[in-house]
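Undergrad: how would this look folded up:
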Amino acid sequence: MNIQNLNSDELKQLQTLLNKMNPNPTEKVYLDPVNKMIDEIMDEFNFAKVQNVMDYLNWKWVGEYVTIDMLRETAERLLREAAELRLGQYKDEHWEQGIIYATGGFQATAFCNEDKTKIIGLDLKFVLAGWDAEIED
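TA: Numbers count the residues shown, from 1 in each chain. Take a look at the predicted model:
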């Protein structure tokens, strides 16, 4: 069985079956490396620090106080959309370039393999300021 050819509903069904067979319910079984990378980022990223900085700067999103749940939800959405865009709409871009998807201070970047068939890396940053310059020949 090649799980690469399964659609999302079939993957969910397979995940459910594997979870029932797993003797340790706290241990996750991953069919998709993107989900594994996202879970790792979501577990390790310091959302409390981001919220503290936003509180200090009185930084709001559309005039609304930003909670940690809002930060987590936005970060996960950006990571998933960056991965989807890298292998979808921006698949024709050079494979070594990461595709960045950003909003509200968050910057999610997705990197793919040389064949442009799978995501091999995800990156999440919270950016307060940045500057870029380039000299063209």
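Undergrad: centre-most residue in this protein?
TA: In the chain, the residue lying closest to the centroid (C-alpha atoms, centre = their mean) is residue 79, at 1.9 Å.
Undergrad: ok, and the closest non-adjacent residue to that one?
TA: residue 108 (4.7 Å; C-beta to C-beta, 6 or more residues apart in numbering). C-beta coordinates here come from the backbone N, C-alpha and C atoms, glycine included.
Undergrad: for the helix or strand the residue nearest to the centre of the chain falls within, packing partners?
TA: Assigned by DSSP states H and E, residue 79 falls within helix 68-87. Of the remaining helices and strands, those touching helix 68-87 by 3 or more C-beta pairs under 8 Å, 6 or more residues apart in numbering; DSSP states H and E are helix 33-44, helix 47-56, strand 99-103, strand 106-112, strand 119-126.
Undergrad: just those: most buried one?
TA: Highest mean neighbour count of the helices and strands packed on helix 68-87: strand 106-112, a mean of 21 (counted as mean count of other C-beta atoms under 10 Å).
Undergrad: residues in contact with that one?
TA: Contacts to strand 106-112, defined as C-beta atoms under 8 Å, 6 or more residues apart in numbering, come from residues 71, 74-75, 78-79, 81-83, 85-87, 91, 95-96, 98-102, 118-127.
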